[in-house]
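Colleague: Structure of the sequence below:
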Amino acid sequence: MEKVGLLKRFEKSHITFFVIAVVLFWIKTYAAYQIEFKLGIDNNLQKFLLAINPISSGLFFIGLGLLSKKHTKKIMIIINFVLSFLLYANIVYYRFFNDFITVPVIMQAKTNAGQLGDSANSLMSPLDIFYFTDTLILIVLALTIFKKASAKNRKSYKIVLLFAVTVFLFNLGLAEKDRPQLLTRSFDRNYLVKYLGAYNFTILDVIQNIKTSSQRALASSSDITTVENYRKAHYTAPNPAYFGKAKGMNVIYVSLESFQNFMIDYKMPNGQEVTPFLNSLAHDGNTFYFDNFYHQTGQGKTSDAEFLMENSLYPLNQGAVFINKAQNTYQATPAILGQKGYTSAVFHGNYKTFWNRNVMYRALGYDQFFDAEYYNMSPENIKNYGMKDKPYFQESMSMLEGLKQPFYTKFITLSNHFPFEMDKQDTNFPAGDFGDSVVNNYFQSAHYMDEALKQFFDALKADGLYDKTVIVLYGDHYGLSENHNKAMAKVLGVPKITPTINAKLQEVPLYIHVPGVKGGVQHQFGGEVDVRPTLLHLLGVDTKDYIEFGSDLLSKDHRNWALFRNGDYVSPQVTEVSGKFYNPDTGELLPNQSAYKSINDKISTELQMSDAVVNKDLLRFYTPKGFKPIDPNEYQYLGPKGNTKQPKVQTTGAQ
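Modeller: This next block holds a predicted model:
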């Protein structure tokens, strides 16, 4: 009888409720790992770590409820819901970005109004209620079976805490064995989640952000010396055949939203070209077209691409420079050319606060910022993220023509944006038929952007600007993430998307048209960080005294590789993905893998150097020869007089 009484008390105790909560939490989290995240599990040890890493988080956080005498079950349920919400937020974010939410991303959402709108809705499913089922089960149990559970818990929590710490240290030890220097040299968040779990990653992220925030305060002028020496050792001298060929010319950058290079020369089943205008530029012989050019963006997406192109520095590993480091000192292209007589301006069909551009552009030295307040933002002209490309370019021309020459300008397109849906009246181009609505829509929105670009080029030719302007077109980042690989395999006509094919899909187009200079298809490898030195050398500005990490794409000494923000890289001989080295032509693993790790470490040093510059704000301690530091307060973007109306436009960090 006494044993039966003890058993009944145990069955209805808070410890039993706690155990059930942890088990349900573990099942839900492990299922999410398997269903939602592509973490690259390679061996049995990694499978084991993936299975155990939710346990320490569940024990520690849900166990906090054991500290309470009166509200144990309630606290456990609330904690379970918060953890479930964090997991689900990561799931939705990962479905598009193939990445995990960080503290800076949360700050971006705050700055960009935090409205995911159509993008978020398209990433959700009614079946997602599964990720909150354990919370619902716990609520039912708390109101029924465990309604009168016993509450002697404080000593129990000490045991639970000790067990949680033990499991975590065991987990970390095995992870370090499989991936040495996991916490110090991992640029890829997939690694951290794979080895430590989504919840432990969030704790690590908070700690890293606190550490990063303190780096600037502790930095000194001596920190720039190491970076300066690295820069001098890796400087790429300009090609005499091209140096200064565009001196005194205007410059127009056009950011091609979410545009990937596989679309160039791609034809629909009926033989219709998706981007006939961009195809013609690639083959006209008068434009440099780089067919092995890669985006290098992180969580800042479009804003990261802008940062790379104008500073030749890499973006942050977490969050966006435009949000988190807008108060830094920069020596950007608009400021450099502004001191050589150029007028600079940005044209953008969204409002100036989006991505904190009204603050960041001042730090970069832009004279003018033509945002949505300058455009006719009527309903027929906008969709989701701002102004449609065709009316945007059309209305921009009068503002462009009013600028004092020579000018340095940037145009940011918006129409080719996830989920790529088009208004019916804007296109009659056929959608794809690949079993994925997002991929299918991509062909229509890309075609629309191509038509808008042709319209823009025709306008430049009509008013005489085309023949005295360097035009740079670049894809800012990928548009179709790995979550669409099944459809993308059909698009590319391959059995499946392998690691090397996926790396190849990070290619974006780069066009540089220089009036009077013969171009042609260029096969050298490079990335967005390489564009600034290439352009400045064409304009006759030597970059040897600037702190930058790009390599002139037209130089005879160009390094011929591209480094991704997560530490992977591509070159003609090697493609590195998640610590593995592949033959880029065959897609097969290269023999003697260890022989390439030293190359990987050497290339990754560049990320560390760039991160030091950005995180510590080291450019405040360094002034290039002939450059005068700018004062951001001298730049103000007040908008057109009397324009106070701002129609509602969806703004989101998804751009």
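Colleague: Beyond the host helix or strand of Val23, next helix or strand please.
Modeller: Assigned by DSSP states H and E, Val23 belongs to helix 14-36. Sequence-wise, the next helix or strand downstream of helix 14-36 (DSSP H and E) is helix 44-57.
Colleague: tilt between the helix holding Val23 and helix 44-57?
Modeller: When axes from the mean of the first three to the mean of the last three C-alpha atoms, to 10 degrees is applied, the directions of helix 14-36 and helix 44-57 differ by 140 degrees.
Colleague: Centre of the chain to helix 14-36, how far?
Modeller: 31 Å (C-alpha atoms, centre = their mean, to the nearest Å).
Colleague: Quick one: mean pLDDT for that helix?
Modeller: For helix 14-36, the mean pLDDT works out to 92.
Colleague: what's it packed up against?
Modeller: Using 3 or more C-beta pairs under 8 Å, 6 or more residues apart in numbering; DSSP states H and E, the elements in contact with helix 14-36 are helix 44-57, helix 72-97, helix 133-143, helix 154-178, helix 198-218. All C-beta atoms are positioned from the backbone trio N, CA, C, and that covers glycine.
Colleague: Could you rerun that using 7 Å?
Modeller: Packing partners of helix 14-36 (3 or more C-beta pairs under 7 Å, 6 or more residues apart in numbering; DSSP states H and E): helix 44-57, helix 72-97, helix 133-143.
Colleague: between those, which one is nearest to Asn229?
Modeller: Shortest distance between Asn229 and the helices and strands packed on helix 14-36, using C-beta to C-beta, is found for helix 72-97: 35.6 Å.
Colleague: relative orientation of that closest one and helix 44-57 in degrees?
Modeller: Using the same axes, to 10 degrees: helix 72-97 against helix 44-57 is 140 degrees.
Colleague: Just want the angle from helix 72-97 to helix 198-218.
Modeller: Going by the same axes, to 10 degrees, helix 72-97 makes 80 degrees with helix 198-218.
Colleague: Determine the set of other helices and strands touching helix 72-97.
Modeller: Using 3+ C-beta pairs under 7 Å, 6+ apart, helix 72-97 is in contact with helix 14-36, helix 133-143, helix 198-218.
Colleague: and those helices as TSV, adding mean neighbour count?
Modeller: TSV is the format used below for the helices and strands packed on helix 72-97 (neighbours: other C-beta atoms under 10 Å):
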stretch	mean neighbour count
helix 14-36	19
helix 133-143	16
helix 198-218	16
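Colleague: Which one of these lies nearest to Phe549?
Modeller: For the helices and strands packed on helix 72-97, proximity to Phe549 was assessed by C-beta to C-beta; helix 198-218 is nearest, at 18.4 Å.
Colleague: Report the next helix or strand after the closest one in sequence order.
Modeller: Beyond helix 198-218 toward the C-terminal end (DSSP H and E), the next one is helix 223-233.
Colleague: quick one: contacts of the next helix-or-strand element following that following helix?
Modeller: Of the helices and strands lying after helix 223-233 in sequence (DSSP H and E), the nearest is strand 250-256. Identification of contacts with strand 250-256 by C-beta atoms under 7 Å, 6 or more residues apart in numbering yields 302, 305, 309, 405-413, 449, 465, 468-476, 509, 535.
Colleague: Same question for stretch 545-552.
Modeller: 227-228, 231, 236, 238-239, 312-314, 331, 529-534, 537, 558-559, 606, 609-610, 613, 619, 622, 624-625.
Colleague: can you confirm Val472 is in a helix?
Modeller: No. Counting by DSSP: H, G, I helix; E, B strand; the rest coil, Val472 falls outside a helix, being strand.
Colleague: pretty sure it contacts Pro509?
Modeller: No. Using C-beta atoms under 7 Å, Val472 is not in contact with Pro509, being 10.9 Å away.
Colleague: pLDDT score for Trp355?
Modeller: Trp355 is given a pLDDT of 84.
Colleague: Ok, Val321 next?
Modeller: So Val321 comes in at 92 (pLDDT).
Colleague: out of everything not next to it in sequence, what's closest to it?
Modeller: Of all residues not flanking Val321 in the chain, Phe307 sits nearest, at 4.9 Å (C-beta to C-beta, 6 or more residues apart in numbering).
Colleague: With Glu576 as the reference, measure out to the one you found.
Modeller: As judged by C-beta to C-beta, to the nearest Å, Phe307 and Glu576 stand 23 Å apart.
Colleague: can you check Phe48 too?
Modeller: Remark: distance between Phe48 and Glu576 (C-beta to C-beta) = 25 Å.
Colleague: Between those two, which is the more surrounded one?
Modeller: Shown here are Phe48 and Glu576; by other C-beta atoms under 10 Å, Glu576 has more neighbours (26 against 13).
Colleague: what's across from the more buried one in the sheet?
Modeller: Tyr569, Phe581 (DSSP bridges).
Colleague: residue contacts, it?
Modeller: Neighbours of Glu576 in contact, by C-beta under 7 Å, 6+ apart: Asp568, Tyr569, Asn600.
Colleague: do that again at 10 Å, thanks
Modeller: Shown in contact with Glu576 (C-beta atoms under 10 Å, 6 or more residues apart in numbering): 499, 503, 561, 563-564, 567-570, 582, 584, 590, 596-597, 599-600, 603-604.
Colleague: Strands - which of those residues land there?
Modeller: Leu563, Tyr569, Val570, Tyr582 (DSSP state E).
Colleague: so who does the third one touch?
Modeller: The neighbourhood of Val570, defined by C-beta under 10 Å, 6+ apart, consists of 292, 294, 500, 503-504, 506-507, 525-527, 561-564, 576-577, 582, 584.
Colleague: Once you drop chain neighbours, what's closest to Gly365?
Modeller: Distances taken as C-beta to C-beta, 6+ apart place Ala335 nearest to Gly365, at 3.0 Å, with adjacent residues excluded.
Colleague: Report the secondary structure element holding that neighbour.
Modeller: Using DSSP H and E, Ala335 falls in helix 333-338.
Colleague: What mean pLDDT does that helix get?
Modeller: So the average pLDDT for helix 333-338 ends up being 98.
Colleague: where does the stretch 151-300 of the chain have low pLDDT?
Modeller: For the stretch 151-300 of the chain, the stretches with pLDDT under 70 are 151-154, 181, 184-188, 212.
Colleague: And for the stretch 401-550 of the chain?
Modeller: For the stretch 401-550 of the chain (pLDDT under 70), the answer is none.
Colleague: can you tell me which residues contact Lys597?
Modeller: Glu576, Gly579, Phe581.
Colleague: Also Leu553?
Modeller: 236, 239, 242, 288, 290, 293, 510, 512, 522, 524-527, 530-531, 533-535, 537, 559-560.
Colleague: how about a cut-off of 6 Å?
Modeller: Applying C-beta atoms under 6 Å, 6 or more residues apart in numbering to Leu553 gives the contacts Gly526, Asp530, Thr534.
Colleague: where along the stretch 451-600 of the chain do the helices fall?
Modeller: For the stretch 451-600 of the chain, the helices defined by DSSP state H, counting those that start in this stretch cover 485-492, 499-504, 531-538, 597-615.
Colleague: So what touches the third one?
Modeller: In this case it means helix 531-538. 238, 242-243, 245-246, 309, 312, 333, 543, 550, 552-554.
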